[in-house]
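Colleague: The following comprises the amino acid sequence and a computationally predicted model.
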Amino acid sequence: MKQIIIATNNKGKAKDFEALLNPLGYEVLTLQDIEEEIDVEETGTTFEENAILKAEETAKILNKPVISDDSGLEIDALNGEPGIYSARYAGGEKSDSANIDKVLSKLEGVPEEQRTARFRCVLAIAAPGEQTETFSGSCEGRILNGRRGEHGFGYDPIFYVPELDKAMAELAPEQKAKISHRGNALRELKAAMPSWLS
Ligand SMILES: O=P(O)(O)OP(=O)(O)OP(=O)(O)OC[C@H]1O[C@@H](n2cnc3c(O)ncnc32)[C@H](O)[C@@H]1O
Ligand SMILES: [Mg+2]
């Protein structure tokens with residue numbers, strides 16, 4: 001099986017990428033599978049900048065082609081928060097549960113029609129000696145009043161997908177792959193760089 005390195009330490013993203021790439025005949029490796037500890041500082045001000053930082057730094061250290069993913073949730077009633085700060089929205093150690101609690105409390109009393117939001121994902125492809133490329137995808141939805149479902153990671157339990165009438169965390173990985181920001185970004189990558197993912 002061909003291997004592809006995803007420059008991420010997030011196990012939830014790794015599962016999403018497996019659902020997307022295993023059917024194409026790729027085994028997914030992430031930074032968790034590599035002995036060296038790599039944790040690139042995300043000093044950029046946009047998803048694009050952070051995705052490029054993670055991909056280029058990791059490709060340089062490993063001297064291999066990699067794909068990185070920078071992603072997050074934008075909530076309209078919170079002026080686009082948490083955005084690029086999605087992973088550590090509640091501060092301190094990364095905690096999906098604390099992040100969700102913070103979103104729910106900030107949106108308390110906000111009516112359904114004003115709870116619109118989207119997930120965004122930017123993928124960067126970097127390889128030694130090659131020009132880095134980026135691809136993006138999004139997924140529109142609404143923030144629920146409470147948690148639903150057991151699948152996925154991050155904000156999936158409070159993200160409602162209107163077209164499927166389900167919370168993102170109620171979708172099996174293969175279903176999420178079809179409609180998610182990450183799936184949409186990967187399909188862009190595949191369309192523009194077929195030689196990478198044939
Ligand atoms: O940087 P890496 O190592 O890839 O892992 P990370 O978790 O820090 O990843 P980001 O910096 O890109 O932050 C993305 C955060 O946005 C949220 N997020 C992104 N994609 C998501 C998804 O598909 N479902 C739910 N939450 C998601 C989740 O809280 C992530 O931690
Ligand atoms: Mg990160």
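Modeller: Here it is on my side, so go on. Ligands and ions are numbered 1, 2, ... in the order given.
Colleague: State which one residue of the chain is found closest to ligand 1.
Modeller: The minimum distance from the chain to ligand 1, using Cβ to the nearest ligand atom, falls at Gly154 (2.3 Å). All C-beta atoms are positioned from the backbone trio N, CA, C, and that covers glycine.
Colleague: what's the neighbour count on that residue?
Modeller: A total of 22 residues lie near Gly154 under the criterion other Cβ atoms under 10 Å.
Colleague: for Arg147, helix, strand, or coil?
Modeller: Of the three states, Arg147 takes coil according to DSSP: H, G, I helix; E, B strand; the rest coil.
Colleague: same check, this time on Leu123
Modeller: strand.
Colleague: on that earlier part again, could you pull up the residues touching the nearest residue to the residue of the chain closest to ligand 1 once chain neighbours are set aside?
Modeller: Nearest non-adjacent residue to Gly154, counting by Cβ to Cβ, 6 or more residues apart in numbering: Asp96, 5.3 Å away. Residues in contact with Asp96 (Cβ atoms under 8 Å, 6 or more residues apart in numbering) are Phe153, Gly154, Tyr155.
Colleague: ditto for Gly109
Modeller: Counted by Cβ under 8 Å, 6+ apart, Gly109 has zero contacts.
Colleague: Confirm that it sits in a helix.
Modeller: No - membership of Gly109 in a helix is not supported by three-state DSSP, which gives coil.
Colleague: now it: how far from Ala124?
Modeller: Using Cβ to Cβ, to the nearest Å, Gly109 is found at 38 Å from Ala124.
Colleague: Over to Leu24?
Modeller: Between Leu24 and Ala124 the distance is 19 Å, computed by Cβ to Cβ.
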